[in-house]
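Participant: generate a structure from the sequence data that follows.
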Amino acid sequence: EGVGAVTCTRACLSNEKVWRELGDADPEDAMQRTMVKMQTANTMACDLLTARGFNGHLLKIALRKKKEVDVGLVTVPHLKENVEALAKASTHGAIFAATGGDHFTSDDMFKAAKLPAKKARIEQLKRKKGQQGLRGKLS
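Facilitator: Numbers count the residues shown, from 1 in each chain. Take a look at the predicted model:
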(Lines give C-alpha, C1' and ligand atoms only; values in the text may rest on other atoms or scores of the structure.)
Protein backbone atom coordinates (compact mmCIF):
# COMPACT_ATOMS: atom_id res chain seq x y z
CA GLU A 1 0.00 0.00 0.00
CA GLY A 2 2.31 2.67 -1.27
CA VAL A 3 1.49 6.22 -1.99
CA GLY A 4 0.73 6.92 -5.61
CA ALA A 5 -0.99 9.29 -7.92
CA VAL A 6 -4.77 9.38 -7.88
CA THR A 7 -6.37 9.66 -11.28
CA CYS A 8 -8.68 12.59 -11.73
CA THR A 9 -12.24 11.63 -12.57
CA ARG A 10 -15.57 13.38 -12.81
CA ALA A 11 -17.29 10.63 -10.82
CA CYS A 12 -18.10 12.97 -7.93
CA LEU A 13 -20.35 14.95 -10.27
CA SER A 14 -22.66 11.93 -10.52
CA ASN A 15 -23.50 12.15 -6.82
CA GLU A 16 -27.18 12.84 -6.15
CA LYS A 17 -26.26 15.75 -3.86
CA VAL A 18 -24.58 17.68 -6.68
CA TRP A 19 -26.67 20.39 -8.38
CA ARG A 20 -27.90 19.14 -11.71
CA GLU A 21 -29.43 20.80 -14.74
CA LEU A 22 -31.27 19.27 -17.63
CA GLY A 23 -28.76 18.50 -20.37
CA ASP A 24 -25.59 18.64 -18.27
CA ALA A 25 -24.86 14.93 -18.65
CA ASP A 26 -25.31 12.06 -21.06
CA PRO A 27 -28.99 11.58 -22.04
CA GLU A 28 -28.71 7.96 -20.89
CA ASP A 29 -27.76 9.08 -17.37
CA ALA A 30 -30.29 7.83 -14.79
CA MET A 31 -30.72 11.30 -13.24
CA GLN A 32 -31.22 12.89 -16.66
CA ARG A 33 -33.92 10.35 -17.53
CA THR A 34 -35.63 10.97 -14.19
CA MET A 35 -35.54 14.73 -14.70
CA VAL A 36 -37.04 14.41 -18.20
CA LYS A 37 -39.81 12.15 -16.86
CA MET A 38 -40.56 14.63 -14.05
CA GLN A 39 -40.71 17.55 -16.47
CA THR A 40 -42.97 15.65 -18.88
CA ALA A 41 -45.33 14.48 -16.12
CA ASN A 42 -45.59 17.98 -14.65
CA THR A 43 -46.28 19.56 -18.04
CA MET A 44 -48.96 17.01 -18.87
CA ALA A 45 -50.66 17.33 -15.47
CA CYS A 46 -50.66 21.14 -15.58
CA ASP A 47 -52.01 21.15 -19.14
CA LEU A 48 -54.79 18.75 -18.12
CA LEU A 49 -55.75 20.95 -15.14
CA THR A 50 -55.77 24.04 -17.36
CA ALA A 51 -57.93 22.25 -19.97
CA ARG A 52 -60.47 21.37 -17.24
CA GLY A 53 -60.76 24.98 -16.11
CA PHE A 54 -58.33 25.07 -13.19
CA ASN A 55 -55.28 27.31 -12.80
CA GLY A 56 -52.83 24.62 -13.83
CA HIS A 57 -50.24 27.19 -14.87
CA LEU A 58 -49.68 28.00 -11.18
CA LEU A 59 -48.33 24.49 -10.57
CA LYS A 60 -46.13 24.36 -13.66
CA ILE A 61 -42.41 24.01 -13.07
CA ALA A 62 -39.53 24.18 -15.50
CA LEU A 63 -36.27 22.41 -14.79
CA ARG A 64 -33.21 24.48 -15.46
CA LYS A 65 -31.56 23.62 -18.72
CA LYS A 66 -27.83 23.80 -19.21
CA LYS A 67 -26.89 27.10 -20.79
CA GLU A 68 -24.88 26.90 -23.95
CA VAL A 69 -21.91 29.23 -23.69
CA ASP A 70 -20.92 30.93 -26.90
CA VAL A 71 -17.23 31.66 -26.77
CA GLY A 72 -16.58 33.74 -29.83
CA LEU A 73 -13.15 34.38 -31.19
CA VAL A 74 -11.54 37.57 -29.99
CA THR A 75 -9.54 37.78 -33.18
CA VAL A 76 -9.84 36.36 -36.68
CA PRO A 77 -7.17 33.87 -37.80
CA HIS A 78 -4.51 34.85 -40.36
CA LEU A 79 -4.79 38.60 -39.78
CA LYS A 80 -1.93 40.88 -38.83
CA GLU A 81 -3.81 41.93 -35.66
CA ASN A 82 -4.13 38.31 -34.57
CA VAL A 83 -0.41 37.68 -35.00
CA GLU A 84 0.39 40.84 -33.02
CA ALA A 85 -2.04 39.85 -30.25
CA LEU A 86 -0.36 36.45 -30.02
CA ALA A 87 3.09 38.05 -29.93
CA LYS A 88 2.03 40.26 -27.00
CA ALA A 89 0.29 37.41 -25.13
CA SER A 90 2.31 36.34 -22.12
CA THR A 91 -0.15 34.00 -20.37
CA HIS A 92 -2.04 30.91 -21.43
CA GLY A 93 -5.33 32.78 -20.98
CA ALA A 94 -4.23 35.56 -23.32
CA ILE A 95 -3.08 33.04 -25.91
CA PHE A 96 -6.38 31.15 -25.60
CA ALA A 97 -8.32 34.40 -26.06
CA ALA A 98 -6.29 35.33 -29.12
CA THR A 99 -6.50 31.91 -30.77
CA GLY A 100 -9.98 30.96 -29.66
CA GLY A 101 -8.56 27.69 -28.38
CA ASP A 102 -6.76 26.86 -31.61
CA HIS A 103 -3.68 24.64 -31.60
CA PHE A 104 -0.23 25.93 -30.78
CA THR A 105 0.86 24.57 -34.15
CA SER A 106 -1.26 27.00 -36.16
CA ASP A 107 0.56 29.24 -38.62
CA ASP A 108 -0.31 32.30 -36.55
CA MET A 109 1.56 30.91 -33.54
CA PHE A 110 4.72 30.45 -35.58
CA LYS A 111 4.40 33.91 -37.10
CA ALA A 112 3.87 35.38 -33.61
CA ALA A 113 7.00 33.64 -32.32
CA LYS A 114 9.10 35.22 -35.10
CA LEU A 115 7.48 38.66 -34.89
CA PRO A 116 9.71 40.18 -32.15
CA ALA A 117 12.88 39.19 -34.02
CA LYS A 118 11.40 40.51 -37.26
CA LYS A 119 10.52 43.87 -35.65
CA ALA A 120 14.00 44.13 -34.13
CA ARG A 121 15.56 43.50 -37.55
CA ILE A 122 13.32 46.16 -39.14
CA GLU A 123 14.36 48.70 -36.50
CA GLN A 124 18.02 47.83 -37.04
CA LEU A 125 17.68 48.33 -40.80
CA LYS A 126 15.84 51.65 -40.29
CA ARG A 127 18.64 52.92 -38.06
CA LYS A 128 21.23 51.80 -40.59
CA LYS A 129 19.30 53.49 -43.39
CA GLY A 130 19.01 56.68 -41.32
CA GLN A 131 22.75 56.69 -40.66
CA GLN A 132 23.54 56.18 -44.33
CA GLY A 133 21.11 58.96 -45.26
CA LEU A 134 22.88 61.35 -42.90
CA ARG A 135 26.26 60.43 -44.37
CA GLY A 136 24.95 61.17 -47.87
CA LYS A 137 23.64 64.60 -46.86
CA LEU A 138 26.92 65.55 -45.12
CA SER A 139 29.01 64.74 -48.20
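Participant: where do the helices sit along this protein?
Facilitator: With DSSP state H as the criterion, the chain has helices at 30-51, 80-88, 92-99, 107-138.
Participant: the last one vs helix 80-88, what angle?
Facilitator: So that's helix 107-138. 90 degrees (axes from the mean of the first three to the mean of the last three CA atoms, to 10 degrees).
Participant: now helix 107-138: buried residues?
Facilitator: For helix 107-138, the neighbour count (16 or more other CB atoms under 10 Å) marks 108, 109, 111, 112, 115 as buried. (Glycine included, C-beta is placed from N, CA and C.)
Participant: next one: stretch 42-52
Facilitator: Those would be 42, 46, 49, for stretch 42-52 by 16+ other CB under 10 Å.
Participant: would you format those as TSV with pLDDT and distance to residue 8 included?
Facilitator: What follows is these, written out as TSV (pLDDT from 0 to 100; distance: CB to CB, whole Å):
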residue	pLDDT	distance to residue 8
42	94	37
46	94	42
49	95	47
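Participant: got CSV for the helices of the chain, with distance to residue 7 too?
Facilitator: Formatted as CSV, those follow (distance: least, CB to CB, whole Å):
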stretch, distance to residue 7
helix 30-51, 23
helix 80-88, 33
helix 92-99, 23
helix 107-138, 31
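Participant: which intervals of this structure have sub-threshold pLDDT?
Facilitator: 1-6, 68-77, 104-105, 134-139 (pLDDT under 70).
Participant: again, only this time at 90
Facilitator: Where the chain drops to pLDDT under 90, the residues are 1-36, 61-113, 128-139.
Participant: hmm, who's touching stretch 106-120?
Facilitator: Residues outside stretch 106-120 that contact it (CB atoms under 8 Å, 6 or more residues apart in numbering): 77, 78, 82, 83, 84, 86, 87, 89, 99, 102, 103.
Participant: for the second one, which non-adjacent residue is spatially closest?
Facilitator: Here the nearest residue to residue 78 in space, its sequence neighbours aside, is residue 108; by CB to CB, 6 or more residues apart in numbering that works out to 6.6 Å.
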